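1. Okay, sequence plus prediction incoming.
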Amino acid sequence: MNLTEKEKKHFFQTYKRLPLIVEKGEGVFLYTDKGKFLDMFGGLAVNVLGYNNAKVNDAIIAQIHKYNHLSNNFYQETQIDFAEKLLRLSGFDRIFLSSTGTEAIEGAIKLARKYFNSHTKTELISFKGGFHGRTYGSLSLTTKEKYRKGFEPLLPNVHHLLYNSVDDLKRTVNENTAAVFLEFIQGEGGIYTADCVFVDTLNELKAKYGFLIVADCIQCGAGRTGKFLSIQHYKADVDICVTAKGIGGGLPVSAVMAKEYLNDCFHAGEHGTTFGGNPVACAAGIATLDEIESHAMKNAEIVGKYLKDEILNLQKKYPNKIKEVRGMGLMLGVELGEVIPEKVVENLFERKVLVNLTNNNCVRLLPPLILSQEEADIFLKAFEESLS
């Protein structure tokens, strides 16, 4: 029985896996049983420094030799150092560390509800096309039917609005609104960016009704957009920010970050986690944040602009095949036109380039932030060939 057969025998079939057996990763490349592949979706935005980063590896090994787990009953220097660095880069005051993005969203829901501690101010708002996770609370905020079907009823008093619709926002928000959850760049939804007028309206309505703005920067954080968090491209009055994926350098760590005035919401025992803020993950996170801050974030801005500009040039050449190019930094979406999207992805795979297709016809690009211009050119050549 081979590896594929064993997986099908033992696992719930919740993933559509690629027909590859990965042997190792190095930089932006994966070495597999079918050869060397350029990875343009980087563990779905997790592998921000690519594979086999020496500084991250050294940090992990050093921490393992000390201890690989302590309960959160102990003060942990590695955990606190990571939290300080993350808060400094993000501009928030308080933090709760967990392990995954969906777990952090659950914490943000609890924090918003606890802040108001009200039987009336309980309504939550999220946006169509948004993705916040697949656990009970986060799934209630997620709108795509394929994720929700069969799991209802979900959380009550959750409203799903059109993304970037000022009219929808004005019509729905009221004195009972507790929190508005928003990806400032929708990942799963097709790399749609928040409109500045929409964000300004959200700020105005917040001032009027007193709800919280919760930014989901799980995918659009960790320097991917050219700034540490996507919200830093906007003048948004964000109260709570959730981030995960890339901040751990490949190990599971996530964070709920908030402004100081939310500090008194959680008391001992009201929220917790066994593995959140694991010392090995935090050690990897410190090294990862150092690398992001020193060079990777700037590289994402520079190479991301180059990549986007070159895809826009391809759009001029193939206007019927490329409808739109969206995104910031190295979080880009290419909406396809008069081509079969799955065939384009298949053609890229044949050319040893890995991409992700989302929202039916959008090629989502989430490469490691260390991607060079020369490596971007490998993708561009393969992509143009794959359109034919």
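-> Structure received. Numbers count the residues shown, from 1 in each chain.
2. where in this protein is pLDDT low?
-> Applying pLDDT under 70 to the chain flags no residue at all.
3. tell me the domain ranges of it?
-> Split into domains by automatic domain parsing, the chain comes to 3-52+296-387, 54-291.
4. Report the buried residues of the biggest helix by length in the chain.
-> The longest helix of the chain (DSSP state H) is helix 297-317. Neighbour counts over helix 297-317 (16 or more other CB atoms under 10 Å) mark 297, 299-301, 303-304, 306-308, 310-311, 314-315 as buried. C-betas here are computed from N, CA, C, even on glycine.
5. that older thread, from the domains of the chain, which stretch is densest packed?
-> Sort the domains of the chain by mean neighbour count, taking mean count of other CB atoms under 10 Å, and domain 54-291 sits at the top with a mean of 19.
6. Stretch 210-219: how far from the chain's middle?
-> In terms of CA atoms, centre = their mean, to the nearest Å, the centre of stretch 210-219 is found 13 Å from the chain centre.
7. Could you work out the end-to-end span of it for me?
-> By CA to CA, to the nearest Å, the extent of stretch 210-219 from end to end equals 27 Å.
8. check contacts around Cys265.
-> Going by CB atoms under 8 Å, 6 or more residues apart in numbering, Cys265 touches Leu111, Lys114, Tyr115.
9. So it, which state does it fall into?
-> Under DSSP: H, G, I helix; E, B strand; the rest coil, the three-state class of Cys265 is coil.
10. So for it, what's the nearest residue that isn't a sequence neighbour?
-> The shortest distance from Cys265 to any residue other than its chain neighbours is 4.5 Å, reached at Lys114 (CB to CB, 6 or more residues apart in numbering).
11. ok, that neighbour to His267 distance?
-> The gap separating Lys114 from His267 is 9 Å, by CB to CB, to the nearest Å.
12. Then Leu30?
-> Separation of Leu30 from His267 (CB to CB) stands at 45 Å.
13. Kindly report the same for Gly248.
-> To His267, Gly248 is 27 Å away according to CB to CB.
14. Show me the helices in the protein, by range?
-> Under DSSP H, the chain gives helices at 3-10, 42-45, 54-64, 77-90, 101-116, 136-141, 145-148, 166-172, 196-209, 279-291, 297-317, 341-350, 373-387.
15. Export these as JSON lines, with columns for distance to Ala255.
-> Output for these, formatted as JSON lines (distance: least, CB to CB, whole Å):
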{"stretch": "helix 3-10", "distance to Ala255": "31"}
{"stretch": "helix 42-45", "distance to Ala255": "15"}
{"stretch": "helix 54-64", "distance to Ala255": "18"}
{"stretch": "helix 77-90", "distance to Ala255": "6"}
{"stretch": "helix 101-116", "distance to Ala255": "6"}
{"stretch": "helix 136-141", "distance to Ala255": "15"}
{"stretch": "helix 145-148", "distance to Ala255": "23"}
{"stretch": "helix 166-172", "distance to Ala255": "27"}
{"stretch": "helix 196-209", "distance to Ala255": "22"}
{"stretch": "helix 279-291", "distance to Ala255": "9"}
{"stretch": "helix 297-317", "distance to Ala255": "17"}
{"stretch": "helix 341-350", "distance to Ala255": "32"}
{"stretch": "helix 373-387", "distance to Ala255": "30"}
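16. quick one: which of those is nearest Lys36?
-> Among these, helix 373-387 comes nearest to Lys36, with 10.7 Å by CB to CB.
17. quick one: that closest one to chain centroid distance?
-> Distance of helix 373-387 from its chain centroid, counting by CA atoms, centre = their mean, is 24 Å.
18. could you dump the buried residues of helix 297-317 to JSON lines with distance to Val253?
-> Formatted as JSON lines, the buried residues of helix 297-317 follow (distance: CB to CB, whole Å):
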{"residue": "Met297", "distance to Val253": "18"}
{"residue": "Asn299", "distance to Val253": "22"}
{"residue": "Ala300", "distance to Val253": "20"}
{"residue": "Glu301", "distance to Val253": "24"}
{"residue": "Val303", "distance to Val253": "26"}
{"residue": "Gly304", "distance to Val253": "24"}
{"residue": "Tyr306", "distance to Val253": "30"}
{"residue": "Leu307", "distance to Val253": "28"}
{"residue": "Lys308", "distance to Val253": "29"}
{"residue": "Glu310", "distance to Val253": "34"}
{"residue": "Ile311", "distance to Val253": "32"}
{"residue": "Leu314", "distance to Val253": "37"}
{"residue": "Gln315", "distance to Val253": "37"}
